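Chemist: Next comes the sequence, and after it the predicted model I'd like to discuss.
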Amino acid sequence: MGHTKLFIAIGLSIVLASCNEEEPAKQIGSGPAQLVLALAELRYEVVDGRHTYFHKRKYTESIGTGVTLQAGKVCVENGKACLSARVNYRIDGGKDLVQPNHHVATRLAQDTITIKYWGKDDAGNDVRVDKTLTVEGEKIEVR
């Protein structure tokens, strides 16, 4: 019976230790973070009657200062319909974060779609990135 209690105690210690997420080490480069958001592999499809734009999002920090994005907002229907969310996206200094399998859907055949994120870099500076898509069916322009 003593061994059973020991194995349970060790098992709980391992499980609890894995729950302790450490905050990322601060990465401060030669200045405020330089973050860019790029959209790739854009694909158009009508899904459930909505014009849907599938894509991959790639965040790139180029100066060596880490960034944590804390919130995001996507607007469709020329800015009249928006969805906001809290996020926790970490982009290490000088690195990329790639998120495949994203999509945005709109009821309008011709629309302006905005994707925005904001957060803080490891030096405490505010960071914002955004992309605007002007769409008309299969025609997609990214700015």
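Modeler: Great, that's in hand.

Chemist: Show the subsequent helix or strand relative to the helix or strand of the chain with the lowest mean pLDDT.
Modeler: Lowest on mean pLDDT, DSSP states H and E among the helices and strands of the chain sits helix 2-19, with a mean of 39. Going down the chain from helix 2-19, the next helix or strand is strand 35-47, by DSSP states H and E.

Chemist: So what touches that next one?
Modeler: Here strand 35-47 makes contact (Cβ atoms under 8 Å, 6 or more residues apart in numbering) with 51-62, 67, 91, 100, 105, 115, 117, 121, 127, 129-131, 133, 135, 137-138, 140, 142. From N, CA and C alone the C-beta is placed, and that goes for glycine too.

Chemist: how about that strand: buried residues?
Modeler: Leu35, Leu37, Leu39 (16 or more other Cβ atoms under 10 Å).

Chemist: Just the buried positions in the host helix or strand of His51, please.
Modeler: Using DSSP H and E, His51 sits in strand 50-61. For strand 50-61, burial by neighbour count (16+ other Cβ under 10 Å) applies to His51, Tyr53, Phe54, His55, Arg57, Lys58, Tyr59, Thr60, Glu61.

Chemist: ditto for stretch 128-143
Modeler: Quick answer for stretch 128-143 (16+ other Cβ under 10 Å): Val129, Lys131, Leu133, Val135, Ile140, Val142.

Chemist: roughly how far apart are Val47 and Tyr117?
Modeler: 24 Å (Cβ to Cβ, to the nearest Å).

Chemist: just to revisit the earlier point, same for the strand holding His51, what does it pack against?
Modeler: Contact partners of strand 50-61 among helices and strands, from 3 or more Cβ pairs under 8 Å, 6 or more residues apart in numbering; DSSP states H and E: strand 35-47, strand 67-76, strand 81-91, strand 96-106, strand 110-121, strand 126-136.

Chemist: Please name whichever of the ones you listed is nearest to Gly29.
Modeler: strand 110-121 (9.0 Å; Cβ to Cβ).

Chemist: which parts of the closest one are buried?
Modeler: Asp111, Thr112, Ile113, Thr114, Ile115, Lys116, Tyr117, Gly119, Asp121.
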